[in-house]
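Trainee: give me a 3D structure for the following:
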Amino acid sequence: MADDERRQRNCDTVRTMMAAFSSGDPGGLLEYVDDDVVYEAPYYAQFVTKHGRDELAAMLGAVEARFSSILYEVVELFPTIDPDLIIAEIRGDHAVKDAGHGGSGKRYQNHYIQFLRFRDGKVVEWREFSNPDVYRTATGE
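Mentor: I've put the predicted structure just below:
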């Protein structure tokens, strides 16, 4: 596959992944990650890097448990000279669940920069940068 075709396929995959998770389908996101994916969120002091699809799936499950609605909007994708590296600008807007009551009325709205490295059409490395203070303010965690 030519470099331009790989870049486009990988950009399309990022859009598909974010749309799947936003529509309540974490499995739709996970089908585009490699079994040995590594996910990092370096700005979160207590965050432990996730290794493998199962750990990433557990993390996505925790996100679903924390929020009553999830929306990840792809603002812009920045393909790089390496056709297997995509930089994504994403905006999130999630409704925070209130413990035991469904909705707290609080919103978690963060801005993400993600570096996604692909191999054979699947994400093998995912590094996400966002503001942990925005998360703490919205969730109290």
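
Trainee: centre-most residue in the chain?
Mentor: Centroid check for the chain by Cα atoms, centre = their mean gives residue 18 as the closest residue, at 6.8 Å.

Trainee: pLDDT at it, what is it?
Mentor: For residue 18, the pLDDT comes out at 98.

Trainee: equivalent analysis for residue 12, please.
Mentor: 98.

Trainee: which parts of the helix or strand where residue 68 lies are buried?
Mentor: Residue 68 belongs to strand 67-69 when assigned by DSSP states H and E. Using 16 or more other Cβ atoms under 10 Å as the test for burial, strand 67-69 gives residue 67. (Glycine included, C-beta is placed from N, CA and C.)

Trainee: for it, give the mean pLDDT please.
Mentor: Here the average pLDDT along strand 67-69 is 93.

Trainee: quick one on the thing from earlier: and for the nearest residue in space to the residue nearest to the centre of the chain that is not next to it in sequence, the neighbour number?
Mentor: Using Cβ to Cβ, 6 or more residues apart in numbering and skipping the chain neighbours, the partner closest in space to residue 18 is residue 72 (4.2 Å). Using other Cβ atoms under 10 Å, the number of residues around residue 72 comes to 22.

Trainee: what's near enough to touch residue 72?
Mentor: 18, 21-22, 90-92, 112 (Cβ atoms under 8 Å, 6 or more residues apart in numbering).
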